[in-house]
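>>> A structural model of the following input is requested.
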Amino acid sequence: MKISALSGVLIAASCMLSVQAPVNAQDLPPELRVKLPVVSLAGQAKLRFFGFAVYQASLWVSPSFSESAYEQNSFALDLAYLRDFKGADIATRSLTEMQRQATLPAEQQTRWESQMRAIFPDVKAGDRITGVNQPGVGAAFWHNGRLIGEIRDPVFSRLFFGIWLATKTSEPALRLALLAQAKAK
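Reported below is the predicted structural model:
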């Protein structure tokens, strides 16, 4: 199977995770230091699909973060890609995963997929896409430290970040690893 064909199923696919050692505050992506000055690392995990490392996910949360009401909290999800992927494939797979959590009208599906396709670039191994939840507003996205766009819709933000944080996620082990330190608070 070609890697580009594989990208359409990576987020939802069964995976093996490896929890990484805690990182230091200076490892916080630079763009987050301004946007979220008081956050700490809640957890990290490496997504693997059929033995291939896909990305390293890191969740940075504010002190008041609550996993049961994640959408009401400021946080950042940083994905450090370990393989190349098309931005359009990332957008399509994201929408599919969002639909696991809620039934979306066709118009909304089309609008959100179009917005994500416009925002998400093709990524190469070593690239990062960082999403920041803005409670009551929506989500902002950075690519390698550069702001690439926002989707100003709190419902979008809840469902998008729910890919990793909702109890209905297709990757419960990844969710647990990302929330490891948030649960300890």
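
>>> centroid residue for this structure?
The residue lying closest to the centre of the chain (C-alpha atoms, centre = their mean) is residue 77, at 4.9 Å.

>>> just checking, next helix/strand downstream of the helix or strand bottoming out on mean pLDDT in the chain?
Confidence across the helices and strands of the chain bottoms out at strand 16-18, with a mean of 37, counting by mean pLDDT, DSSP states H and E. Proceeding N to C from strand 16-18, the next assigned helix or strand is helix 30-35, under DSSP states H and E.

>>> what does that next one rub up against?
39, 60, 76, 78, 130, 132, 140, 142, 145, 146, 147 (C-beta atoms under 8 Å, 6 or more residues apart in numbering). (Each C-beta comes from the backbone N, C-alpha and C, glycine too.)

>>> pLDDT of it, averaged?
Averaged over helix 30-35, pLDDT sits at 72.

>>> which helices and strands does the helix or strand following that helix pack with?
Moving toward the C-terminus from helix 30-35, the next helix or strand (DSSP H and E) is strand 40-49. Contacting strand 40-49 under the criterion 3 or more C-beta pairs under 8 Å, 6 or more residues apart in numbering; DSSP states H and E are the following elements: strand 16-18, strand 52-61, helix 172-178, helix 180-184.

>>> partners of strand 40-49, with directions?
Strands that pair with strand 40-49, judged by DSSP bridges, come out as strand 16-18 (antiparallel), strand 52-61 (antiparallel).

>>> need those strands in TSV with distance to residue 162 and mean neighbour count, can you?
Output for these, formatted as TSV (distance: least, C-beta to C-beta, whole Å; neighbours: other C-beta atoms under 10 Å):
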stretch	distance to residue 162	mean neighbour count
strand 16-18	18	14
strand 52-61	13	22
